[in-house]
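1. What shape does this take:
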Amino acid sequence: MKRVNCIGAVLVDALSWPMDKFPEPGKKGGIETESITFSPGGGAANTGSALAQLGVPVKVFSKTGNDFSGRFIIENLQGKGVDTGGIFVADNESTAFVYIGVQTNGDCSFFITNGTNKSLCLQDFDKESLFDCEILLYQDFGSLPGLDPDATGILKEAKKRGIITIVDENKLTDIQLLKEVLPYTDYFMPGHVAMKQIMPDLNREQIAARLKSMGTGIVVLKLSEDGCLFLSDEGLFIEPSHATKIVDTTGGGDCFDGGFIAGLATGQTLKECIEIANDVAAVAIAAIGAAPKIPPLAELTRKK
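-> Got it, this is the predicted structure:
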C-alpha cells in the first residue's frame, strides 16, 4: 500500500445545527440551535482523517498554535490513526478556527479565523520527511498565502522523485498560479463552483478540457450533488453522486479526495477510485462533522 503525505490547512470546526437564519444585530433573543459539534477541520485534516480511517498510512503537514485548539486537533487526528509528525506547533500564534452554521438541507455558512493557516510556509516542514511518501497531496491550494508561492517547487521536486502528485483547491482565484502548478500535477481535483468562478464562460466539460490543456494528467471535477466528472486520455466520464442522505456537506469534497486517494494507494482502477470516492463522500455528508466515522476500505469495497 502506498504511503500518503498531505499538505494543507488544519483548524477547529465548531458546527452548530440547525441554523437556517442568523440573528439580527442589536436584537435580543438570538437564534437557538439543537447541537454544537467540535471537530478537526481544514482540507489536510479532513482528507488525512478519511484516509486513516480507510486504513491508508497518512501523514499530515500543517501548522497549529501551542494552544487548546491545536492540541485538540493533534490528539483527535492521532486517535484516528493519522501521523501528525509533520504538524509544526508555533508558540506565539493561534490555531485556525471556523464557526459553521449548518442548515437543515445540509448547506453551510462559515465564519473563519485563519490563524496559523495564514502563516504556514515551507520552512515549517522538514523537506526529507515531506517527500518520504509515494503519494503527495497538496490540499487547500489557493488559501495558503505563505505556502502557495512554493507549491510549484514542491510539486516539481515530488515529480522528480517519482512521487504521484495530487492537488485540490480552496478559494483559488489566481489562474496564473494554477497554470504554473498543473504541469507538475498528476491529478487535479477541484470543485466545479470554484473553477466556474475563474472560467465563467465555460461549461463543466469545457472547464475540464481547459484544465487538462494546462498540463495536468487527469482532471476530477467535483460536481456536488451531481457527482463528479473525470477527464483522462481515455475520455470524459461522469459518475453520479452516491449520496442518499444529506445532513452536513462540510468536508464532503475533502473526504471524496480521501476515498479517491485510498483507491490509488491500493492499486484500484481509475473508475474504481471514483466509485470509492463517491462512497466516502456519501458517508461523510450523512452526518454532522467533516470526516465522521468513515468505514475501512475493505468494508466499502466488499459491498460492490
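
2. gap between I36 and A96?
-> 18 Å (CB to CB, to the nearest Å). For glycine as for every other residue, the C-beta is placed from the backbone atoms N, C-alpha and C.

3. Between those two, which has more neighbouring residues?
-> Each of I36 and A96 has its neighbours counted (other CB atoms under 10 Å); A96 has more, 27 against 13.

4. hang on, the more buried one packs against T113?
-> Yes. Between A96 and T113 there is a contact at 6.2 Å, judged by CB atoms under 8 Å.

5. mind listing the strands for the stretch 1-150 of the chain?
-> When assigned using DSSP state E, counting those that start in this stretch, the strands of the stretch 1-150 of the chain occupy the ranges 4-7, 11-17, 35-41, 58-65, 83-90, 97-102, 108-113, 135-141.

6. I'd like the ones you listed as CSV, with distance to A209 and mean pLDDT appended.
-> Compiled in CSV, these are given as follows (distance: least, CB to CB, whole Å; pLDDT from 0 to 100):
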stretch, distance to A209, mean pLDDT
strand 4-7, 27, 98
strand 11-17, 34, 86
strand 35-41, 32, 87
strand 58-65, 31, 98
strand 83-90, 35, 98
strand 97-102, 34, 84
strand 108-113, 30, 82
strand 135-141, 20, 97
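
7. Distance to N170 added to these, as a markdown table?
-> Converted to a markdown table, these look like this (distance: least, CB to CB, whole Å):
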| stretch | distance to N170 |
| --- | --- |
| strand 4-7 | 12 |
| strand 11-17 | 12 |
| strand 35-41 | 11 |
| strand 58-65 | 13 |
| strand 83-90 | 18 |
| strand 97-102 | 12 |
| strand 108-113 | 11 |
| strand 135-141 | 4 |
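
8. Can you find the helix or strand in the protein with the smallest mean pLDDT?
-> Evaluated with mean pLDDT, DSSP states H and E, the helix-and-strand set of the chain has its lowest mean pLDDT in helix 297-302, which scores a mean of 79.

9. As CSV, could you dump the C-alpha coordinates of it?
-> Only the C-alpha atoms of helix 297-302 are listed here, as CSV (Å, rounded to 0.1, in the frame of the first residue of the first chain):
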residue,chain,number,x,y,z
LEU,A,297,-11.8,0.5,2.8
ALA,A,298,-12.3,-3.3,2.8
GLU,A,299,-15.8,-2.7,4.1
LEU,A,300,-16.7,-0.3,1.3
THR,A,301,-15.3,-2.5,-1.5
ARG,A,302,-16.8,-5.6,-0.1
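
10. Which elements pack onto it?
-> helix 270-284 (3 or more CB pairs under 8 Å, 6 or more residues apart in numbering; DSSP states H and E).

11. which residues touch the helix it packs on?
-> 50, 54, 218, 220, 227-228, 230, 232, 237, 239-244, 251-253, 255-260, 262-264, 268, 290-295, 297, 300-301, 304 (CB atoms under 8 Å, 6 or more residues apart in numbering).

12. Could you report the neighbour count for the nearest residue to G215 once chain neighbours are set aside?
-> Excluding the flanking residues, the one nearest G215 by CB to CB, 6 or more residues apart in numbering is P183, at 3.4 Å. P183 sits with 14 neighbouring residues when counted by other CB under 10 Å.

13. show me the contacts for P183.
-> When contacts are taken as CB under 8 Å, 6+ apart, P183 is in contact with 214-216.

14. Wait, a strand at it?
-> No. Judged by DSSP: H, G, I helix; E, B strand; the rest coil, P183 forms no part of a strand; its state is helix.

15. And it, how far from I112?
-> Using CB to CB, we find P183 at a distance of 31 Å from I112.

16. ok, back up a step: sort out which of the contacts of helix 270-284 are in helices and list them.
-> Here DSSP state H is the test, and these give 50, 54, 252-253, 255-260, 262-264, 297, 300-301 as lying in helices.
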